[in-house]
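**Q** Sequence unavailable; structure follows:
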């Protein structure tokens with residue numbers, strides 16, 4: 001919505017952290033970036049986020065532990081860095097965290 005775009009753009013200008021809850025929200029927000037600001041509207045996206053992607057909107061991500069070799073694992077690796085994610089997954093396995101859609105989650109700052 002226009003209000004959401006205005007709030008996020010103002011937050012970015014003020015240096016506030018923009019948190020996406022879930023990878024779908026992250027993809028939607030990054031897709032709505034026009035190069036200078038977040039734009040309101042309804043659209044589709046074919047954005048594919050993988051290591052090397054430049055994030056313009058989202059600063060923090062709350063998401064599940066995703067399946068190995070998945071595009072969502074690539075997305076979180078792009079966001080946090082491959083080594084950080086691999087270390088987090090090793091720790092999650094060691095502590096017997098649950099993975100996938102109904103499992104445990106992580107906050108990436």
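**A** Perfect, I can see it now. None of these values were measured; they are calculated from a predicted model.

**Q** so who does the closest residue in space to residue 52 that isn't next to it in sequence touch?
**A** Distance criterion CB to CB, 6 or more residues apart in numbering; nearest residue to residue 52, sequence neighbours excluded, is residue 78 at 6.9 Å. (C-beta placed from N, C-alpha, C; glycine too.) Applying CB atoms under 8 Å, 6 or more residues apart in numbering, one finds that residue 78 lies in contact with 49-53, 55.

**Q** Likewise for residue 85?
**A** So residue 85 contacts 73, 76-77 (CB under 8 Å, 6+ apart).

**Q** Out of those, flag the one nearest to residue 20.
**A** Of all the contacts of residue 85, residue 20 sits closest to residue 76, with 11.2 Å by CB to CB.

**Q** So the closest one is in contact with residue 105, correct?
**A** No. Contact status for residue 76 versus residue 105: not in contact, 11.2 Å apart, counting by CB atoms under 8 Å.

**Q** where do the contact lists of the two overlap?
**A** Common neighbours of residue 76 and residue 105 (CB under 8 Å, 6+ apart) are residue 63.

**Q** of these two, who's got more company?
**A** residue 76 (25 against 12; other CB atoms under 10 Å).

**Q** So the more buried one belongs to a helix, correct?
**A** Yes. Assessed by DSSP: H, G, I helix; E, B strand; the rest coil, residue 76 belongs to a helix.

**Q** what about the residue lying farthest from the centre of the chain, distance to residue 9?
**A** Going by CA atoms, centre = their mean, the residue of the chain most distant from its centre is residue 94, 24.2 Å out. Using CB to CB, to the nearest Å, residue 94 is found at 41 Å from residue 9.

**Q** Residue 60 now?
**A** 17 Å.

**Q** The two: which has the busier surroundings?
**A** residue 9 (17 against 14).

**Q** tell me the secondary structure for the more buried one?
**A** helix.

**Q** so what's the residue lying closest to residue 73 once chain neighbours are set aside up against?
**A** Take residue 73 and drop its neighbours on the chain: the residue closest to it by CB to CB, 6+ apart is residue 66, 4.6 Å away. By CB under 8 Å, 6+ apart, the residues touching residue 66 are 23, 72-73, 76, 99-100.
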